[in-house]
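A.B. asks: Could you look at this predicted model? Sequence included:
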Amino acid sequence: MALSYQKEDGSDLQLVAKIDNANIVLHLLKTISFRETATVCASANGLKVTVEEGKTLQANAFIQAEFFQDYHIKEEVLTFKINLWVLVECLSIFGSRSSPGMSAALKLMYNGHGSPLVLLLEEGGAVTDCKIVTRDACESLDFNFSSDRVVNKLIMRSECLREVFSELDQSSAFLSFHITTSPANLRLSTSGNYGVVQTDIPGDSEMIETFKCSSATSHSYRMSLLHTTFKALAAAQKVSLRVDERGFMCLQFMIKAEGNEIAFVEFFCCPEEELMD
Amino acid sequence: MKCAITGVNIKVFARSIHSLARIGDELHVEPRVDGVSFCTVNSSRSAFASFLYGESFFSQYESGVDAPSGSCSQSSSLQSDAQAVKCKVAMKAFLGAFKSLSNVEKSVERCKIMVDEACSKLLVQLVCRYSVVRNYHLPFIECETLAAVYDESSCPYTVTSPSRLLSDVLVNFQPGQDEVSFKVTPTSASMRNYVDDEPDLTKVIRTELQLENDEFDSFNIASDGEVVFNLKELRAILSFSEPCNLPVKACFSQPGSPVIFGVENKPLFECKFVLATLIPTSVAESQAGTANGASLNTTINNASTALKEKKTRADGKHHVVEHHQPEMPHELDAFDPCVPDNSNLGLNSCHQPPRKEPGSESDDIPLMARSIRALENVKSTEGYNRHSTAERQPANGSTPSCQAQSPARNSLLRRHVEESDMAVLCDGVSVDRTRSPLRDVAEEIRDLGAIDDQLVMPNDVPPEAHSPPLKKKRKHFLFYRCFNSTYNPAEATLRSDVLAPDSDPED
């Protein structure tokens, strides 16, 4: 069945990637697995897995080529759509926790358009062979978020934001971000069933590493969309928050994977339109 | 009103809010000269809880009330900060600020509460670590003072107990248990679950714990008393007092009057929970089913083991119920092995037939089985009396037979039936030898139906190894007329009143 794929070099495959610890890939994918379908885009740089929520939110997880012990790609870019939840299930087939010394080795294989994504996982002599059906990839959203149009940028440690997010009033539909220059402050406010709650994080807090604010911005985002970032926030060490002139927010989470590799997961979120009354 | 809380007091305050949240849906905030009172009442108005925080609890306090010696510039002019407004906010809203107690402990450094009358908002400001500041703007409604009508000083019964004791006691009750009955005598106390409306009392688990008066911090009980209140509310009190390690003071009077639980740490805070009480009905928890023998066993054994380390005696203090048939004196000793002589009995009955010393052979048979066996022989011509005794055995006066029994058995013997229940029944069933036999039978059936369970389980002793015979006896008992040779239809004398007319049309 999978014997044809078990060539030593896999030279006739479009994409072959080998990694010693599958948990790195697994944990990254778990942070964005709020939707079932993901688009995988493989290039010479590595794998980019994209999950979208309607047309309002996009999450990208980057698994760089440097993570892999072995990474060969024939085409320039390979894209396909895959069931992310199935992929996560397969990757965690040996359990998602790795005991020291024992970790599942992963070999990813893909042979171009129409062929399934093949995973070979091996741990302690046991080998699992998974074939996941792939579909044609649709065009990913391009939020057109460019660094030169960023108005405000903050980099902070994730513990602070984690505490703030855990205490948010969940009955509120929207979460507003107000960034002001003087005093340098990030204010998150919710308006829920029981009143208004405002959380102020001053720019000089020891948790904020960078606070670059060129002009005061104030935008609201849907709470349900921001909820999708909670898993990534829980795993991250640092968060970078950027708002551009249209109010689009980009949250980048720096996640330290096992083995001291640094991976990034980013979320793009659309602001709520202010209705003109 | 403006106040600030710092340090460990924040956690105490948060816990008090959680405790209040378990009672009511609206939090009343009332600033006074000497402190602030946070109180609530539940929707059915059967529980009132209040926490009064003194000025020393706060690191900063401005009541806004016109105080004689207060800084006039603040209180007399129309200032915007400290206004003595009595207001109420939604409990959930206020609780939202102190949602997670662990987070509060970890991250909150200072808590400020301010009444902003201009915007009708109560502001709760939490200054947290990492310089993060959280502001909660909660809309409030102005209201009048919320006060419960009670008089603590007039309560004849006062018991102060360590919170630990009460929570150990409450652990033994089923989680869904609503009401508990707290019964006191001058030397002891007992807590048991109170079942009022269960139609099938054989399905009910009954729990009872006995406590000695030396386990309490203070025990001012002049005479016997009882109070029935809601367990959930007591748990709310304990969730606050136990982490603080403070004793709980309970004051109550007769059934029906409220019971007042107080926890205080003057001058920092003072907490009062006023709970309405039930008047125990005659169809009380005394009727327990045989079917639950096994579970009763477990529950009671658990209760007993929980308290075992506090108890030094396995014999002795227990309450006993007697059922006996005046016409069968030789059966009487089967009922109660632990009553040595008649003089100790509190007699409620009309008859007190002579009885022999308790036989040792009856010790091994559960009291209930014995009583049923005795009742099998009820003559249809006679009514019968039952009288119960809620009787205290002096520790050294108990019979050797009692002491010879195993501790487990003795713990099972700690039952008591509502003295009042039995008294009522006793009064209802009187002996009248002059009545006609059939009439007696009819009355007996009626009475049996009403007090059936009482007879079956006079002593609430679950049959251990003797269940099969018990069932047999019960069957015999229920259908006693089938097995009774005394009723002979041929010999029945005619009644004057027709019980049921002929269904066949005569003509």
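C.D. replies: Done, it's in.

A.B. asks: any idea of the pLDDT on the residue of the stretch 151-277 of chain A found nearest chain B?
C.D. replies: With Cβ to the nearest Cβ as the measure, residue A:194 is the residue of the stretch 151-277 of chain A nearest to chain B, at 3.1 Å. (C-beta placed from N, C-alpha, C; glycine too.) pLDDT recorded at residue A:194 is 84.

A.B. asks: So the nearest residue to it once chain neighbours are set aside: helix, strand or coil?
C.D. replies: Excluding the flanking residues, the one nearest residue A:194 by Cβ to Cβ, 6 or more residues apart in numbering or on different chains is residue B:93, at 3.1 Å. Here residue B:93 is recorded as helix under DSSP: H, G, I helix; E, B strand; the rest coil.

A.B. asks: and the stretch 151-277 of chain A, which of its residues are near chain B?
C.D. replies: Residues of the stretch 151-277 of chain A found near chain B (Cβ under 8 Å from any Cβ of the partner chain) are A:159-160, A:163-164, A:166-167, A:169, A:193-202, A:204-207.

A.B. asks: In helices only, show me those.
C.D. replies: A:159-160, A:163-164, A:166 (DSSP state H).

A.B. asks: Could you write me a ChimeraX select line covering just the buried ones among the residues you listed?
C.D. replies: To isolate the buried ones among those in ChimeraX, judged by 16 or more other Cβ atoms under 10 Å in any protein chain shown, type:
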select /A:159,160,163,164
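
A.B. asks: any chance of the ones in helices among the residues of the stretch 151-277 of chain A next to chain B in JSON lines, plus pLDDT?
C.D. replies: Below are these laid out as JSON lines (pLDDT from 0 to 100):
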{"residue": "A:159", "pLDDT": "91"}
{"residue": "A:160", "pLDDT": "90"}
{"residue": "A:163", "pLDDT": "91"}
{"residue": "A:164", "pLDDT": "92"}
{"residue": "A:166", "pLDDT": "91"}
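
A.B. asks: Residue B:500 - how many residues pack around it?
C.D. replies: Residue B:500 is flanked by 5 other residues according to other Cβ atoms under 10 Å in any protein chain shown.

A.B. asks: mind checking the SS state of it?
C.D. replies: coil.

A.B. asks: Roughly how far does it sit from chain A?
C.D. replies: The gap separating residue B:500 from chain A is 64 Å, by Cβ to the nearest Cβ, to the nearest Å.

A.B. asks: ok, and for the strand or helix carrying residue A:219, which residues are buried?
C.D. replies: In this structure, residue A:219 sits in strand A:217-222 according to DSSP states H and E. For strand A:217-222, the neighbour count (16+ other Cβ under 10 Å) marks A:217, A:219-222 as buried.

A.B. asks: likewise stretch A:119-126?
C.D. replies: For stretch A:119-126, by 16+ other Cβ under 10 Å, it's A:119-121, A:123.

A.B. asks: Where does confidence bottom out across those residues?
C.D. replies: residue A:123 (89).

A.B. asks: got a list of what it touches?
C.D. replies: A:94, A:102-105 (Cβ atoms under 8 Å, 6 or more residues apart in numbering or on different chains).

A.B. asks: And residue B:260, by the same measure?
C.D. replies: By Cβ under 8 Å, 6+ apart, the neighbours of residue B:260 are B:150, B:152, B:155, B:250-252, B:272-275.

A.B. asks: can you tell me which helix or strand it belongs to?
C.D. replies: Residue-wise, residue B:260 maps onto strand B:259-265 under DSSP H and E.

A.B. asks: Tell me the strands beside the helix or strand following that strand, with direction?
C.D. replies: Later in the chain than strand B:259-265, the nearest helix or strand by DSSP H and E is strand B:269-275. Strand B:269-275 has its sheet partners listed here by DSSP bridges as strand B:47-54 (antiparallel), strand B:259-265 (antiparallel).

A.B. asks: surely residue B:269 meets residue B:53?
C.D. replies: Yes - here residue B:269 lies in contact with residue B:53, judged by Cβ atoms under 8 Å, at a distance of 4.9 Å.

A.B. asks: What distance do you get for the residue of chain B found nearest chain A to residue B:20?
C.D. replies: Per Cβ to the nearest Cβ, residue B:93 is where chain B lies closest to chain A, at 3.1 Å. Residue B:93 is 13 Å from residue B:20, where distance means Cβ to Cβ, to the nearest Å.

A.B. asks: Drop anything exposed from the contacts of residue B:260.
C.D. replies: Here, 16+ other Cβ under 10 Å leaves B:150, B:155, B:250-252, B:272-275 buried among those.

A.B. asks: Lowest-confidence entry in the residues you listed?
C.D. replies: Out of those, that is residue B:150, at 83.
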